[in-house]
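[1] pasting the structure only:
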Ligand SMILES: NC(=O)NC1=NC(=O)NC1=O
């Protein structure tokens, strides 16, 4: 879909297409719809980023809490959104050894106990080994640093989901 087609979408159709660019937070694309017409993919991204940045810390943490754990219960019960399922599969989380699953479960719960929100990382840009290493490393951060880092990862996930939905440059007009 090129940006001209995006700009022509009704509110409902826009949400149909973009509703999950931030995991389980349709209110965010809903809020940026009012800024159409968008000049391009980067413009949509910028409006989403500005919206997230404008939230108080509790709002940012609310976004983080909408994210399913990596290799968590939702993955194993089939309760993931299609986006998340695909991302977790791409990072290799659908084929973990039992000891890897339990390691991820305990690291995720240690992280959540420390920060009060789940560990979030852009799975498509990392292998499962990178992710386990990052989880361990980031456990050592303070809450403020970690919240900022996690929101940065949410924006990377969003950027990749958007690039799957919107062509970077509309096909040339001639
Ligand atoms: N907790 C997470 O980081 N979850 C996820 N990262 C992704 O890239 N997709 C997810 O579901």
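    Looks like it came in fine. These numbers were taken from a predicted model, which means no experiment stands behind them.

[2] Check this protein for its longest helix and report it.
    Ranked by number of residues, the top helix in the chain under DSSP state H is helix 143-165.

[3] Is that helix in proximity to the ligand?
    Yes - using C-beta under 6 Å from any ligand atom, helix 143-165 reaches the ligand at residue 157. Where you see a C-beta, it was placed from the backbone N, CA and C, and this is true even at glycine.

[4] Remind me what that helix packs against, helices and strands.
    Judged by 3 or more C-beta pairs under 8 Å, 6 or more residues apart in numbering; DSSP states H and E, the packing partners of helix 143-165 are helix 11-18, helix 41-54, helix 57-64, helix 98-115.

[5] Please list the residues of the chain that sit near the ligand.
    So far as C-beta under 6 Å from any ligand atom goes, the chain lies against the ligand at 67-70, 84, 87-88, 118-124, 157.

[6] farthest pair in the residues you listed?
    For the residues of the chain next to the ligand, the maximum inter-member distance is 17.4 Å, found between 118 and 124 (C-beta to C-beta).

[7] Look at these two and report which has more neighbours.
    Higher neighbour count among residue 118 and residue 124: residue 118, with 19 against 15, using other C-beta atoms under 10 Å.
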